[in-house]
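1. Just to be clear, the model below is a prediction. Sequence and coordinates:
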Amino acid sequence: MKKMILYCLLVCYISPLGIYAQGYRMDLPKLNTFSPYQVNENEQTFVASWKSLDTSVVRSIIVYVGLERVVDKDGRQSVLTTTIKGDSTLAENEYKPLDMNAYVHDYMTGQGWYMLMGQVSTKGLVLRSAISDPEVFTPLIQSPIFDVSYDGGKFTIKFTATAFAATPDEEVKLAIRHWADRRGMTMEEKVLNLITDGRPHEYAVDFLHGTDNECFNMQTLSTGATVVFSGDIKVEQQLKKGNRIWHTVALTQMNRPKGADFTKVNTRGIKVDTMNVYTSSGAKHVLDYKRHRDNGWRLFYTAIQLIVAEDGVTTIVEVKAPYGYVLNSDPVYFDEN
């Protein structure tokens, strides 16, 4: 379990960060970011920039690329949706292993979804557990980062799954986990006993402690089990007109050694630090803001910074006082260039 939690931390990059237990301190101001430039949709790259920072420390910058929309009516609505397509080139009962760590936008309509030790079939995305300790290092599927802070943090995850047990008498357990607080000290977990009749079944799981910088994963807990996800995966929440919802479609991180100088003077005469952002973790059209706009979404990027302190242990990150939340920079939109 501990290894899985650490893995989720590293992939999500979200606030959990194990702040105090892992030696984190949170007292940096948020970055002052500027409009993206040199956007190359074909190469999936752009340049991010922010007001110049001190170069006397080791600094790491994490950039999220995301989509947002403003809710136009009250009611229960989808915050995050993807439709799984699978791989139509495979034989009927064939399972194709993916890379150890793989983004799966080629096999679904959504972007930013990720699998550890995953597989794909004609029918969908596959988790196949085959080692002796399923809680330590078994396949999982993980969502992009998204916002479910509305309605007191109550939200529902819906999905369709077909489960096959290793033997007829065994149960197939599926754990669904998300961070229940922004300090990363608590995870909210639900464990389901999946129906093992070899047919797809729909499931809906309610959670109570969503945050505004969230992700979840689904992991098999039964040795030798196979779980095939098909159809839609949805996150739903009760929303009100005017709520801003968003989710990531790609993210990247760059480390800046002590003394490294990436400064330029932008067109407004402001000295800025720059970063080439590669969004290869997203689909080919990830930076096509017009396409996203036609689908009702607005493309943006936001950034956070981390600093390794002089003691070599403490990492300083930006904070939204007094709660200790990691604070992203204000979103910068691609359609404002």
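-> Nice, thanks for sending it over.
2. What is the burial count for the residue nearest to Arg268 when sequence neighbours are not counted?
-> If the residues on either side of it in the chain are set aside, Arg268 comes closest to Phe34, at 7.8 Å by C-beta to C-beta, 6 or more residues apart in numbering. Just so you know, the C-beta spots here come from the backbone N, C-alpha and C atoms, and that holds for glycine as well. For Phe34, the tally of surrounding residues (other C-beta atoms under 10 Å) stands at 19.
3. Quick check: Phe34 touching Ser49?
-> Yes. Between Phe34 and Ser49 a contact is recorded at 4.8 Å, counting by C-beta atoms under 8 Å.
4. got any residues that touch both of these two?
-> The contact sets of Phe34 and Ser49 overlap at Asn266, Val272 (C-beta atoms under 8 Å, 6 or more residues apart in numbering).
5. one step back: what sits against the residue nearest to Arg268?
-> Contacts of Phe34 (C-beta under 8 Å, 6+ apart): Ser49, Trp50, Lys51, Asn266, Arg268, Ile270, Val272, Val332.
6. So what sits opposite the last one in the bridge?
-> When bridges are called by DSSP bridges, Val332 pairs up with Tyr301.
7. And for it, the neighbour number?
-> 19.
8. which parts of stretch 95-102 are buried?
-> Lys96, Leu98, Ala102 (16 or more other C-beta atoms under 10 Å).
9. end-to-end on it?
-> 15 Å (C-alpha to C-alpha, to the nearest Å).
10. So that it lines up with my notes, have the first residue be 144 from now on.
-> Sounds good: first residue 144 from here, last item stretch 238-245.
11. Identify the residues contacting it?
-> Residues contacting stretch 238-245 (C-beta under 8 Å, 6+ apart): 230, 233, 247, 257-264, 269, 271.
12. Tell me the one of those residues nearest Ser365?
-> Arg271 (10.8 Å; C-beta to C-beta).
13. Flag the shaky bits of the stretch 294-443 of the chain, pLDDT-wise.
-> Counting by pLDDT under 70, the ranges of the stretch 294-443 of the chain that qualify are 323-328, 425.
14. And the helices in it, which stretches?
-> 432-437 (DSSP state H, counting those that start in this stretch).
15. what about Gly229, distance to Thr369?
-> As judged by C-beta to C-beta, to the nearest Å, Gly229 and Thr369 stand 14 Å apart.
16. Mind checking which of these two has more residues around it?
-> Taking other C-beta under 10 Å, Gly229 and Thr369 do not tie; Thr369 has more neighbours (23 against 19).
17. so how far is Ile338 from the residue most central in space within the chain?
-> Centroid-nearest residue in the chain: Pro287, 2.7 Å away (criterion: C-alpha atoms, centre = their mean). Distance of Pro287 to Ile338, given as C-beta to C-beta: 28 Å.
18. Could you export the buried residues of stretch 238-245 as JSON lines, including secondary structure?
-> Below are the buried residues of stretch 238-245 laid out as JSON lines (DSSP: H, G, I helix; E, B strand; the rest coil):
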{"residue": "Lys239", "secondary structure": "strand"}
{"residue": "Leu241", "secondary structure": "coil"}
{"residue": "Ala245", "secondary structure": "strand"}
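19. Can you tell me which of those residues is closest to Val378?
-> For the buried residues of stretch 238-245, the nearest to Val378 is Ala245 (21.3 Å; C-beta to C-beta).
20. What residues are bridge-paired with that closest one?
-> Bridge pairing for Ala245 - DSSP bridges - gives Met258.
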